[in-house]
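Undergrad: Got a sequence here, can you build the structure:
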Amino acid sequence: MNSIAKNLQHIRATLPDEVTLIAVSKTKPVSDLMEAYTEGQRIFGENKIQEMTEKWEVMPKDIAWHMIGHVQTNKVKYMAPYVTMIHAVDSLKLLKEINKQAEKHNRIIQCLLQIKIAAEDTKFGLTPQEATEILVDKEALNLPYVTIQGLMGMATFTEDTIQISKEFQKVTTLFQELQPKFPALKVLSIGMSGDYTIAINSGSTMVRVGSAIFGHRNYVK
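TA: Below you'll find the model as predicted:
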């Protein structure tokens, strides 16, 4: 059995049934993704639209593609024909553009609102108030080709597990506060390779795991 298959089996064994695993495959070749696919993985996450599109074009069509990186509005059109979920929605403007492009393909695209929980300035995201404002915005409520499924957060890149746990708790608390008012919110996407166990303990329903499945990434350029 190859290492990717072993890694997948190990991670799945640690996940509760209610937690969805996204295999984060950015920078990895199609051959690696196909090893995961052969092992039964059907949800893959990418952070570059062009790379994701190139993989979508050649891979089996029963795969659900999740865009987990920051999205520029002028790039939405390239993934609108196929993307299942966009994790990093951080403005009403972006949500409206996703709806516009999804309508062209008569598709409904699932979205998550990204909440800024990290201390790093490089991380994007909404404040709790901004997220709440989008959820009650009249324009947002009249976008038939998008559905806001939940929240996403990215913790600070640090080995301080206490800090990570506190940051996850911020978005978990917001999620728990919003759910009674907005029952459509079902997904809490927090946790990556280095911190997904902390995220699960914090209430995560979806984890984005890359290097723990595929090994370290090979960045180029």
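Undergrad: ok, then the element right after the helix ranked longest in the chain?
TA: Among the elements of the chain assigned as helix by DSSP state H, the one spanning the most residues is helix 161-178. Using DSSP states H and E, the helix or strand that follows helix 161-178 in sequence is strand 187-189.
Undergrad: for the chain, which spans come out with low pLDDT?
TA: Low-confidence segments of the chain (pLDDT under 70): 1, 217-221.
Undergrad: what's next to the longest helix of the chain, contact-wise?
TA: With contacts defined as CB atoms under 8 Å, 6 or more residues apart in numbering, helix 161-178 is touched by 115, 117-119, 128, 131-132, 135, 150-153, 155-156, 158, 185, 188, 190-191, 195, 198-199, 201-204. C-betas here are computed from N, CA, C, even on glycine.
Undergrad: Now, of those residues, which are buried?
TA: For those, a neighbour count by 16 or more other CB atoms under 10 Å gives the buried set as 115, 117-118, 128, 131-132, 135, 150-153, 155, 185, 188, 190-191, 195, 198-199, 202-204.
Undergrad: hang on, the earlier thing: okay, and which of the contacts of helix 161-178 map to helices?
TA: Checking the contacts of helix 161-178 against DSSP H, those in helices are Pro128, Ala131, Thr132, Leu135, Ile198, Ala199, Asn201.
Undergrad: export those to JSON lines and tack on distance to Arg12?
TA: Output for those, formatted as JSON lines (distance: CB to CB, whole Å):
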{"residue": "Pro128", "distance to Arg12": "32"}
{"residue": "Ala131", "distance to Arg12": "31"}
{"residue": "Thr132", "distance to Arg12": "34"}
{"residue": "Leu135", "distance to Arg12": "32"}
{"residue": "Ile198", "distance to Arg12": "18"}
{"residue": "Ala199", "distance to Arg12": "16"}
{"residue": "Asn201", "distance to Arg12": "17"}
